[in-house]
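Trainee: need the 3D shape of this:
(2 chains)
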Amino acid sequence: MSKTEDLEFPFCDDANKYEKLAKIGQGTFGEVFKARDRKTKQIVAMKKVLMENEKEGFPITALREIKILQLLKNDNVVNLVEICRTRATPYNRFKSTFYLIFEFCEHDLAGLLSNANVKFSLGEIKKVMQQLINGLYFIHSNKILHRDMKAANILITKSGVLKLADFGLARAFSISSKGAGRYTNRVVTLWYRPPELLLGDRNYGPPIDMWGAGCIMAEMWTRTPIMQGKTEQHQLQLISQLCGSITVEVWPGVEKLEFFGTMELAQGQKRKVKDRLKAYIKDQYALDMLDKLLTLDPSKRIDSDNSLNHDFFWTDPMPCDLSNMLSKHTTSMFEYLAPPRRRGPIAPNPNQRPVQNPDQHFERVF
Amino acid sequence: MAGNFWQSSHYHQWLLDKQDLAREQQHDLKIVTEEEYQKIMIFFANFIQAIGEHLKVRQQVIATATVYLKRFYARNSLKSIDPWLMAPTCIFLASKVEEFGLISNSRLITTCQTVVKNKFSHAYPQEYPFRISNVLECEFYLLEMMDCCLVLYHPYRDLTQYCADLPSTEGDKILPLAWRIANDSLRTDVSLLYPPYLIALACLHIACVIDQKDLKQWFAELSVDTEKILEITRQILSLYELWKNYDEKAEIITILRKMPKPKSCPSPPPNQGTNNQDGAQQSQNQQQTQQQQT
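Mentor: This next block holds a predicted model:
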């Protein structure tokens, strides 16, 4: 086909307008860099679109992330500034690389939680959760599922604004289901994966993100993921140990899920969400909301709208601004850059964090 | 996907005005007449429709692909990228964006070959020349040219809603006809110029006239820009006017011969696989095997 000489590209800017400063993460479909606009000096995050599968062309996951982020503009959703590309030259076989340019956020929640010097008061925890659930309320009402809730995908700016990030696995859903078997259940990082996905549900909806919100909420106190399964089977076991046995009595219809017969499900387990977490969490409203988020049956799990109305957010101490607390910390905290987190108190499992930073570089940001 | 048209890139970046269109097309219009240009765009919309139907994709995918094609040539000369290549590329991308799934590479190319051979040999007597590596490269240009504005709003959803809103059961009766008119509207520029809800109303309007249904009262109660609806109506009607005395099968080859073309065309399908070789080298080869008349 014709070379680019006849084509002018008036749209996407050249990625070269940004100067890469450091690698700060690994997203679902590409590396993430901190970068600076050479002209305006604005700091941004650049996410490279990996073109791994040549046959796929421009990856579906990247297309989804782009179209979803162009659709979702909200304070609690990461802001896509623009899309850039590198120039096509003989060196890259005339194939340019695309970058998604995001507003820069100084921290991610996993990074903050792994730093023992970062202490959240109850009011601050409420503010984190309120923003997180507000973000979910917004995306769910736009008929989008995040599908990769985890602390590392929750960004927080230095002024304390929380942003849901990494929509690489997100997709649109419809309520008018024409039957099961529509979406892949191989989504969500194992430790945050809800029981319906582990049991092979392919017709899931917003409750999958609410389960993740519950896992993250508990983590605000435990400081480490509460259920660190090694396999899908093990994850289900940990869930049963915390939330009680998965049975038709507590979850009518569960028997219809694909793997209900094949997965081993612990019998006779009592539900001990409140019991086991009260060692960390003193606030009764917090325990109650957590109990409702970590409900086994997705149809009974609390949704984002009702969560926002929960007494947890409307009793003293009220949610309070994070900027004061964060101003004490002048270093960016990203999970990618942090040392492995301490052993988990609930699931004492010293095993691997999913991704380790090969060269532990820390970097000052302001 | 839901979402709000008024906040979309479709509304903010991709509602053009007539002057915009005229400016971008003026180069091509030195070579072909306005009517010929229109016939070329109709022809390639038909080509997209044929590929889409052969691949059994939903009409939504075909509609999106057709608008992608229009967007590309609204900003570029026909000679920048051969529409014979751009058409399947638009289908390939639209199928991914509309969540219809990935179309297998070989199936896409085989389909193009089959469709060209069986349905478009009057316009393209040779074998379909493009390979998947061309499509994948072209996809980049298409994405970039659209500034990655992927989500489109079509008149179909609005049309369904308006019809549901019509008095008694009028809606059920009028919807199929209005829907077909909406399909036809993809052969005009209205999707580049007007928001989808106005296009839907214009289609409904035409359908009412054809079916002799009196919905004046209903239209009068809408608080919309009737002047715009009439503009759209006129553009769609002028398409029907054009079709009256137009034999595409007989005339299109002459028009395509005149059509501005890329400097280089792909080499004939090689014996080796479809791997993407060094771009520059490939392009040189192509220049030597250039076969089209100028």
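
Trainee: break chain A into its domains for me.
Mentor: A:4-103, A:107-337 (automatic domain parsing).

Trainee: hey, least reliable of those domains by pLDDT?
Mentor: For those, the weakest mean pLDDT is recorded on domain A:4-103, namely a mean of 81.

Trainee: want to try TSV for the domains of chain A, with mean neighbour count and distance to B:Arg234 as columns?
Mentor: Any C-beta I mention is one placed from the backbone N, CA and C, and that applies to glycine too. Formatted as TSV, these follow (neighbours: other Cβ atoms under 10 Å in any protein chain shown; distance: least, Cβ to Cβ, whole Å):
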stretch	mean neighbour count	distance to B:Arg234
domain A:4-103	18	31
domain A:107-337	19	36
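
Trainee: make TSV from those and add distance to chain B to it.
Mentor: Conversion of the domains of chain A to TSV gives the following (distance: least, Cβ to the nearest Cβ, whole Å):
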stretch	distance to chain B
domain A:4-103	4
domain A:107-337	4
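
Trainee: make JSON lines out of those and add distance to B:Leu69.
Mentor: Shown next, in JSON lines, are the domains of chain A (distance: least, Cβ to Cβ, whole Å):
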{"stretch": "domain A:4-103", "distance to B:Leu69": "16"}
{"stretch": "domain A:107-337", "distance to B:Leu69": "24"}
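
Trainee: I'd like to know which of the ones you listed is closest to B:Glu248.
Mentor: Closest to B:Glu248 of the domains of chain A is domain A:4-103 (Cβ to Cβ; 27.5 Å).

Trainee: what separates the closest one from the chain centre, distance-wise?
Mentor: 20 Å (Cα atoms, centre = their mean, to the nearest Å).

Trainee: what do you get for stretch B:140-155?
Mentor: Relative to the centre of its chain, stretch B:140-155 is centred 12 Å away, using Cα atoms, centre = their mean.

Trainee: next one: stretch B:106-113
Mentor: Distance of stretch B:106-113 from its chain centroid, counting by Cα atoms, centre = their mean, is 19 Å.

Trainee: circling back: for B:Leu186, find the nearest of the domains of chain A.
Mentor: domain A:4-103 (20.6 Å).

Trainee: returning to that earlier point: quick one, which of the domains of chain A is nearest to B:Lys263?
Mentor: domain A:4-103 (7.1 Å).

Trainee: can you name the residues that contact B:Met104?
Mentor: One correction, residue B:104 is Ser, not Met. Contacts for B:Ser104 (Cβ atoms under 8 Å, 6 or more residues apart in numbering or on different chains) come out as A:Lys55.

Trainee: B:Phe92 now?
Mentor: Applying Cβ under 8 Å, 6+ apart, the residues contacting B:Phe92 are A:57, B:103, B:108, B:135, B:139.

Trainee: that one in helix, strand or coil?
Mentor: helix (DSSP: H, G, I helix; E, B strand; the rest coil).

Trainee: gap between it and B:Met86?
Mentor: Distance, B:Phe92 to B:Met86, using Cβ to Cβ, to the nearest Å: 10 Å.

Trainee: one step back: any idea which of the contacts of B:Phe92 has the most stuff around it?
Mentor: Using other Cβ atoms under 10 Å in any protein chain shown as the neighbour criterion, B:Val135 leads the contacts of B:Phe92 with 26 neighbours.

Trainee: surely that one and B:Cys90 touch.
Mentor: No: in this structure, B:Val135 is not within contact of B:Cys90 by Cβ atoms under 8 Å, at 9.9 Å.

Trainee: now do the helices in the stretch 101-250 of chain B.
Mentor: Counting by DSSP state H, counting those that start in this stretch, the segments of the stretch 101-250 of chain B that form helices are B:105-119, B:132-145, B:155-165, B:170-185, B:190-193, B:196-211, B:216-221, B:226-244, B:248-258.

Trainee: would a markdown table of those with distance to chain A and mean pLDDT be doable?
Mentor: Listed next are the helices of the stretch 101-250 of chain B as a markdown table, based on distance: least, Cβ to the nearest Cβ, whole Å; pLDDT from 0 to 100:
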| stretch | distance to chain A | mean pLDDT |
| --- | --- | --- |
| helix B:105-119 | 5 | 95 |
| helix B:132-145 | 5 | 88 |
| helix B:155-165 | 13 | 91 |
| helix B:170-185 | 18 | 91 |
| helix B:190-193 | 16 | 94 |
| helix B:196-211 | 16 | 93 |
| helix B:216-221 | 27 | 84 |
| helix B:226-244 | 25 | 93 |
| helix B:248-258 | 17 | 88 |
